[in-house]
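Enquirer: just the structure for this:
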Amino acid sequence: MMTSAAAAPGHGDLSPEELDLLMRLVVAAKDETTFAGLVAEAMEAVGCEVEPLAYDPRAVPLIEEFASGVDLVSSEQTCLIGRIVPSVSTVDAKSLLLFAHPDVEPCQADHGWNQDPHTPRIENGRLIGWGVADDIAGIMIMVASLARLRARGWAPPAPVTLVSAPSKRHRRGIAAALASGLVADAAIYLHPAESGAGLDEIKAFAPGQIEFAVEIEGVPPQTDEPSHAAFAHLARHPLDAMRAVLNALAALDRVRGESVRHPLLQDAVGRSTNLLVTRIEAGETGASARVPASCRIQAVMSLVPGETLADAKALVDDAVSGALHELEWPLAEKPVVEWLSGVSAAETDVEGPLYRLVRGTLQDAGANPKVNPLHTSSDIRNPLVQRSMPTVGYGPACGNLTMAKGIGEWVDLRDLSRTIDVTATIIGSWCKPPMPASR
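Expert: Numbers count the residues shown, from 1 in each chain. Okay, the predicted model is just below:
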């Protein structure tokens, strides 16, 4: 049974209305249409003019990003854009974009929960429910922070925009919203911290990566014999080329490991880039005495800000081409490099006004915030890359995200309330015009 908001024990500093909204969102997440209607209603209640943006994920333009062979959602998707526009704009006031994603993956029949995942319950100061940490809480924070500001009599001096942007399974919601013309002076991505650090973590850095495969064709010996053992010296064995390519990729990895450096990554893991071979395929089952017709190598190379996907492709191409010079026989064809997916790195200046405001506000709230530089392909990169918009992300402590098919997904309610207060403070501080310099 769902614990009622008014009587719920251990709900931190959330108001009954805030807790009720969070619970209703968890329940509504069983149906996308119902959920979207509740989000639109909540946006309107805090003064937003809500505009649905229908889009085709396959038609969203990608900047410094690609994915070959990915199954994109083919059905039309909808972003909800809620705008609060001041009646009179204040000179030098700055606009702000807040966004989160509404996706809740379908819950399997054998989900393993000891309760209905869509019936939220409160235990030990945590609200437990399917999707609450990924990212129902982020949706609720956007709305609740504006509600708290309005309760204090706040009037926006600059536009504030909320976006409920589909994200999972390459839905590309925030990219679609930005491509439609959405702009602001800065953006905040509200999402509970997957690392477990809660408000001690700020997302201000998204590493990039490029995934690729190398396909190498061999030439079998000219014989009708079922076994190739006696004729192996007459074959062009694709594994010979594979070894050369693997050595070349390892050499590229060593060079990059020594020459490519970013202080955040060096501090976090002691290295700024890696080239990781993830899969090797060759031969067929039951054909142990025959030369393989081909082999395939799959790998991924991480990128730092400033490296373009074109630069990364050129490095890999040069390494693979150079590997052929080590062979004693020419291949009939050059190994084919297949580009599987790629996304560039992006970062927000930690000395810039947005980051300093967010860090200072979190510190005032009792957190010890630091940048986590390990969230590859985080949604913070979209405003940064598409609109050169400084962007950070943060959120409350959580556990067992649905992306990891976790059981008992939860968000800490006291931390959630603290996140709402932090966000309200950031909105008020960012949007107001700077104080005139004293003489």
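Enquirer: what residues are up against residue 434?
Expert: Residues near residue 434 by CB atoms under 8 Å, 6 or more residues apart in numbering: residue 92. (Each C-beta comes from the backbone N, C-alpha and C, glycine too.)
Enquirer: mind listing what's buried in the top helix by length along the chain?
Expert: Secondary structure of the chain per DSSP state H: the longest helix is helix 238-259. By neighbour count with 16 or more other CB atoms under 10 Å, helix 238-259 contains the buried residues 238-242, 244-246, 248-249, 252-253, 256.
Enquirer: and which of these is nearest to residue 334?
Expert: The closest of the buried residues of helix 238-259 to residue 334 turns out to be residue 241 (CB to CB; 9.8 Å).
Enquirer: which helix or which strand is home to the residue most central in space within the chain?
Expert: The chain has residue 378 as the residue nearest its centroid, 2.6 Å off, counting by CA atoms, centre = their mean. According to DSSP states H and E, residue 378 maps onto no helix or strand at all.
Enquirer: surely it meets residue 189?
Expert: Yes: using CB atoms under 8 Å, residue 378 makes contact with residue 189 at a distance of 7.4 Å.
Enquirer: so the closest residue to residue 115 other than its chain neighbours bridges to which residues?
Expert: Excluding the flanking residues, the one nearest residue 115 by CB to CB, 6 or more residues apart in numbering is residue 121, at 6.6 Å. On the basis of DSSP bridges, residue 121 is bridged to residue 128.
Enquirer: measure residue 121 to residue 218 for me?
Expert: Counting by CB to CB, to the nearest Å, the separation of residue 121 from residue 218 is 59 Å.
Enquirer: what's the answer for residue 374, then?
Expert: For residue 374, the distance to residue 218 - CB to CB - is 39 Å.
Enquirer: those two - which one has more neighbours?
Expert: Each of residue 374 and residue 218 has its neighbours counted (other CB atoms under 10 Å); residue 218 has more, 20 against 16.
Enquirer: so what's the nearest residue to the more buried one once chain neighbours are set aside up against?
Expert: The shortest distance from residue 218 to any residue other than its chain neighbours is 3.5 Å, reached at residue 238 (CB to CB, 6+ apart). Neighbour list for residue 238: 216-218, 282, 291-295 [criterion: CB under 8 Å, 6+ apart].
Enquirer: and the buried ones among those, selectable in PyMOL?
Expert: In PyMOL, a selection of the buried entries from the contacts of residue 238 looks like this (16+ other CB under 10 Å):
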select buried, resi 216+217+218+282+291+292+295
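Enquirer: mind picking the two most distant members of the contacts of residue 238?
Expert: 216 and 291 (12.4 Å).
Enquirer: for the stretch 101-250 of the chain, what spans make up the strands?
Expert: 121-123, 126-128, 160-164, 187-190, 201-202, 205-206, 208-217 (DSSP state E, counting those that start in this stretch).
Enquirer: quick one, which of these is nearest to residue 261?
Expert: strand 205-206 (14.0 Å).
Enquirer: tell me which other helices or strands that closest one touches.
Expert: strand 346-347 (3 or more CB pairs under 8 Å, 6 or more residues apart in numbering; DSSP states H and E).
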